[in-house]
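S.K.: 3D model of this:
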Amino acid sequence: MDEPDATPARIARLTTRLVDLGCVTADGPAGDLELTDKGRDAHARLVESGRSELTRLVSEQLGEAVEVAPVLRRVAASLVAEMPRE
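M.R.: Predicted coordinates:
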């Protein structure tokens, strides 16, 4: 797997784009980032889309007979552990 392109310059460009889109505000002297209502809505849509896609993929790979909920709970727990905190 390739290393992620998480250079400071790229992060700055992406952050500026999120601010320009109205999804994030940068406040204070340190430029603390905070999601706006629009950003929180976009995040919720992304999480739901990911959940739906994971459900579909697990069902396809493991079959309908397998109880999907426990598998998804484990995957979700690992994803939540990596989420940035507000």
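
S.K.: only C-alpha atoms from now on, for both contacts and neighbour counts.
M.R.: Will do.

S.K.: helix or strand right after the helix ranked longest in the chain?
M.R.: Across the chain, the longest stretch assigned as helix under DSSP state H is helix 37-62. Later in the chain than helix 37-62, the nearest helix or strand by DSSP states H and E is helix 68-81.

S.K.: how about low-confidence regions in this structure?
M.R.: Low-confidence segments of the chain (pLDDT under 70): 1-3, 64-66, 68, 80-86.

S.K.: buried sites along the longest helix of the chain?
M.R.: Within helix 37-62, the residues that count as buried by 16 or more other CA atoms under 10 Å are 39, 54, 58.

S.K.: check stretch 5-25 too.
M.R.: 15, 18-19, 23-25.

S.K.: just the residues contacting it, thanks.
M.R.: 26, 32-40, 42 (CA atoms under 8 Å, 6 or more residues apart in numbering).

S.K.: from those, which two are the most distant?
M.R.: Farthest apart among these by CA to CA are Asp32 and Ala42. That separation is 19.4 Å.
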